[in-house]
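Undergrad: take this sequence and fold it.
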Amino acid sequence: RQRACSSWEPHFAEPTTMLVPKKNRLAVYSYLFNEGVIACKKDVFLAKHQHIEVPNIHVMKLMQSLKSRGFIKEVFSWQWSYCFLLNEGIEHLREYLHVSSETVPKTLKKAAKAQKGPSFGGNRRVEGADGPIGGGRRGGRDGYRGPDKKMGAPRDFNPEYSRGGGARGRRGRGGF
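TA: Numbers count the residues shown, from 1 in each chain. Below is the predicted model:
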C-alpha cells in the first residue's frame, strides 16, 4: 500500500536522460579527441560553448557521461570544469569516431621544437681561486648576496624614544 505524499515530505524527481543530437555529440567528441582536454563553464543557460558551436549544457552532460564511465578525469574549480581525456577514453573515442590508431590528441604529441626557457642569467659563472663563485651549498646564490657584511647596528647607534609610555606599558615600540 502506497502512502500519499504529504506536503512536508520532500519529493525527488526521477533522474532523466538528456537526448543530445548526434551532430552535437560528434562535434564535442571530435574536439575532445583532438585537444585531449576541454574546459566547460558550469552554466546550463549558456547558449553556446566557447570553443564548439553546441549548447553548453550538451557539453556538460556529455562530460558527465564520460566521467561516469571512467573515460575522463575532471577537475572543478571556480565554476569551471576541466576534463582531461584518459587512455581508456582515447580508445573509446577512437572506436566511436572511427579514427586510426596513429592519430593521438594534442596533449600526447611531442612538441616539434622544444622551446628553451628563460635563463635569467643563471648560466653565467665566474671562476675563482676555489672554484666557481656562487657554487656554494645554496645552489649558487651566495654570489648574488654580495660580499660578507657585518650584521647588526653600528657602534654609535643609540635610539631614543621621545614619546615613551603611550603604548600601555610596552616599551621600545617608538610610541606607536
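
Undergrad: quick one: the strands in this structure, in order.
TA: In the chain, the strands defined using DSSP state E lie at 37-41, 72-77, 80-85, 126-128, 131-133.

Undergrad: can I get the ones you listed in CSV including mean neighbour count, mean pLDDT and distance to residue 31?
TA: From N, CA and C alone the C-beta is placed, and that goes for glycine too. Shown next, in CSV, are these (neighbours: other CB atoms under 10 Å; pLDDT from 0 to 100; distance: least, CB to CB, whole Å):
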stretch, mean neighbour count, mean pLDDT, distance to residue 31
strand 37-41, 18, 89, 6
strand 72-77, 14, 90, 13
strand 80-85, 18, 90, 11
strand 126-128, 10, 57, 52
strand 131-133, 12, 56, 51
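
Undergrad: let me have these in a markdown table, extended by distance to residue 59.
TA: Formatted as a markdown table, the strands of the chain follow (distance: least, CB to CB, whole Å):
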| stretch | distance to residue 59 |
| --- | --- |
| strand 37-41 | 5 |
| strand 72-77 | 12 |
| strand 80-85 | 9 |
| strand 126-128 | 56 |
| strand 131-133 | 54 |
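
Undergrad: to residue 91, which of the ones you listed lies closest?
TA: strand 80-85 (10.2 Å; CB to CB).

Undergrad: what's that closest one packed up against?
TA: The helices and strands touching strand 80-85, judged by 3 or more CB pairs under 8 Å, 6 or more residues apart in numbering; DSSP states H and E, are helix 22-35, strand 37-41, helix 56-68, strand 72-77.
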